[in-house]
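In: Kindly generate the corresponding structure for this input.
(2 chains)
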Amino acid sequence: MSVKTLTINNTPVAAEEGKTILEAAKEAGIHIPTLCFLEGVSTVAACRMCLVEIEGINKLLPACVTQVTEAIVVHTNTPKLQEYRRMVIELLFAEGNHVCSICVANGNCELQNLAIEVGMDHTRFPYRFPKRSVDVSHPQFGIDRNRCILCTRCVRVCGEIEGAHVWDVAQRGADAYIVSGLSQPWSEVEACTSCGKCVDACPTGAIFRKGTTTAEKQRDRAKLQFLVDAREKHEWTR
Amino acid sequence: MTKDKEQMTKIKFATVWLAGCSGCHMSFLDMDEWLLELANYVDVVYSPIGCDLKEYPAGVDVCLVEGGVANQDNLELIHEVRAKTKTLISFGDCAVTANVPGMRNMLGGSEPVLKRGYLELGDVTPQLPNEPGIVPELLEQVLPIHELVSVDIFLPGCPPDAARIRATIEPLLKGEQPKMEGRAMIKFG
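Out: Residues are numbered from 1 along each chain as shown, chains lettered A, B, ... in the order given. Have a look, this model is predicted:
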């Protein structure tokens, strides 16, 4: 397998052909913030947190889906990228109804953590306060679409790892929302195996276990990676 | 320094309580003995917990504003505060994001909120409150204060803990700006 050499933040990096800039950076110990990215499932580059600058290319590219090429010079943390990342997070907060103080994921939320990382002390965009639905029909789980950022991790983890494809995205643009089955209440979707992988995958408190209250959400994220490793690498123990 | 002169150099300090639960003010009181230290530097000129004056005075140096803007009284006061204050601090998640009071916004306007609260859930003599000039009218939406007036410092948290409040105020006493960054200073919730 051929190896590509590139530069990330003035550090020379070697990566196998076909690897993404995100993977190459991770191997080199360079942190690039991500949100919709989830180890073990396909990449969709939906959230734009991992945008990077490549010298000679006039637009910003998402590191999670951009493959390494020979001799590219990548910058991951320029003032321009910092500003765009903060704007992305501010827009997410203004778009939905994210009330950290009463959320199951308070203190254990990737959106909240990224707000801290990008230095967001308030959002400069007016809040939309959209009307969104909550579905607690499932006996074990609930989905609160007020807290959803449409990262589609639940869609991917259910379709690709569990193979049930309970979740998908309905509508378009600002009206888009996560839908179960054929727009049925979650409890009526026969395909759901109640495995709970969507709870583990959800970066916020949008999908949760019933009975958890403020700041009590736990995730077993390693389980998802374990399942993928078991299938692909035949590593059967955790 | 004479006592008079000392008095003159004190910072004119205020706190304001709009649509919030007063938890941020309780957290302010959690600064405990440091409040005595703070009292050496400031004159509390307006505050629900530190002063009996009912009119917001002119020439305030620093003001902490708790709560979102939910009614006509809140709206008038926040404009008055902005006009008479050098450093306005948006104090806590309700002020910064509208937070829990803002959750009524999803019901769409003040009318469905009042109907739900006073008619549908009114067990005894259900009626809408109507006392112009005494009971302030609800605004259609609860807004974070920076959507109405300019804000100098954002101090999020529900509530911001005492250490975070102190770390925000203390530099201002020395004429410095606080560093609002990192989990200890800007985590919401």
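In: can you give me the strands in chain A?
Out: Counting by DSSP state E, chain A has strands at residues A:3-8, A:11-16, A:51-54, A:61-62, A:73-75, A:134-135, A:141-144, A:167-170, A:177-180, A:207-209.
In: between these, which one is nearest to chain B?
Out: Nearest to chain B, of all the strands of chain A, is strand A:134-135, at 10.9 Å by C-beta to the nearest C-beta. Every C-beta, even on glycine, is put in place using the N, C-alpha and C of the backbone.
In: Quick check: closest non-adjacent residue to the residue of chain A found nearest chain B.
Out: Nearest to chain B in chain A, going by C-beta to the nearest C-beta, is A:Cys100, at a distance of 2.8 Å. Nearest non-adjacent residue to A:Cys100, counting by C-beta to C-beta, 6 or more residues apart in numbering or on different chains: B:Gly189, 2.8 Å away.
In: residues making contact with the worst-scoring helix or strand of chain A on mean pLDDT?
Out: Lowest on mean pLDDT, DSSP states H and E among the helices and strands of chain A sits helix A:221-233, with a mean of 87. With contact meaning C-beta atoms under 8 Å, 6 or more residues apart in numbering or on different chains, helix A:221-233 is reached by A:Leu38, A:Glu39, A:Gly40, A:Val41, A:Val157, A:Ile161, A:Lys197, A:Asp200, A:Ala201, A:Glu235, A:Trp236, A:Arg238.
In: Report the contact partners of the third one.
Out: Under the criterion of C-beta under 8 Å, 6+ apart, the contact list for A:Gly40 reads A:Val157, A:Ile161, A:Leu224, A:Gln225, A:Leu227, A:Val228.
In: Make JSON lines out of the residues you listed and add neighbour count.
Out: Shown next, in JSON lines, are these (neighbours: other C-beta atoms under 10 Å in any protein chain shown):
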{"residue": "A:Val157", "neighbour count": "24"}
{"residue": "A:Ile161", "neighbour count": "20"}
{"residue": "A:Leu224", "neighbour count": "21"}
{"residue": "A:Gln225", "neighbour count": "13"}
{"residue": "A:Leu227", "neighbour count": "17"}
{"residue": "A:Val228", "neighbour count": "16"}
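In: re the thing from before, for the residue of chain A closest to chain B, which residues are in contact?
Out: By C-beta under 8 Å, 6+ apart, the contact set of A:Cys100 is A:Asn106, A:Cys109, A:Gln112, B:Asp93, B:Cys158, B:Lys187, B:Phe188, B:Gly189.
In: who wins for most neighbours among those residues?
Out: Highest neighbour count within those, by other C-beta atoms under 10 Å in any protein chain shown: B:Asp93, with 30 neighbours.
In: if I look at that residue, how far off is B:Ser27?
Out: According to C-beta to C-beta, to the nearest Å, B:Asp93 stands 12 Å off from B:Ser27.
In: joint contacts of those two?
Out: B:Gly157, B:Pro159.
In: if we can go back for a sec, any idea which of the strands of chain A is most buried?
Out: strand A:207-209 (a mean of 23; mean count of other C-beta atoms under 10 Å in any protein chain shown).
In: Direction included, what does that one pair up with?
Out: Here strand A:207-209 has these sheet partners by DSSP bridges: strand A:141-144 (antiparallel).
In: Render the CA-only coordinates of the partner strand in PDB, please.
Out: Only the C-alpha atoms of strand A:141-144 are listed here, as PDB (Å, rounded to 0.1, in the frame of the first residue of the first chain):
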ATOM      1  CA  PHE A 141     -36.400   5.000  25.400                       C
ATOM      2  CA  GLY A 142     -37.500   8.500  24.400                       C
ATOM      3  CA  ILE A 143     -36.600  11.000  21.700                       C
ATOM      4  CA  ASP A 144     -36.800  14.700  22.400                       C
END
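In: closest point of chain B to chain A, which residue?
Out: Closest to chain A within chain B is B:Gly189: 2.8 Å, counting by C-beta to the nearest C-beta.
In: What parts of chain A come near chain B?
Out: A:93, A:97, A:99-103, A:106-107, A:112, A:115-116, A:119-123, A:126-127, A:129-132, A:146, A:215 (C-beta under 8 Å from any C-beta of the partner chain).
In: Quick check: ChimeraX command selecting the buried ones in these.
Out: Buried subset of those, written as a ChimeraX selection, criterion 16 or more other C-beta atoms under 10 Å in any protein chain shown:
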select /A:93,97,99,100,101,103,106,107,112,115,116,120,121,122,123,127,129,146,215
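In: Spell out, range by range, the helices that occur in the chain.
Out: Let's take chain A. A:21-27, A:79-95, A:110-117, A:153-156, A:197-201, A:221-233 (DSSP state H).
In: Wait, chain B was what I had in mind.
Out: Going by DSSP H, chain B shows helices at B:3-9, B:23-29, B:34-41, B:72-84, B:93-97, B:110-114, B:162-173, B:183-186.
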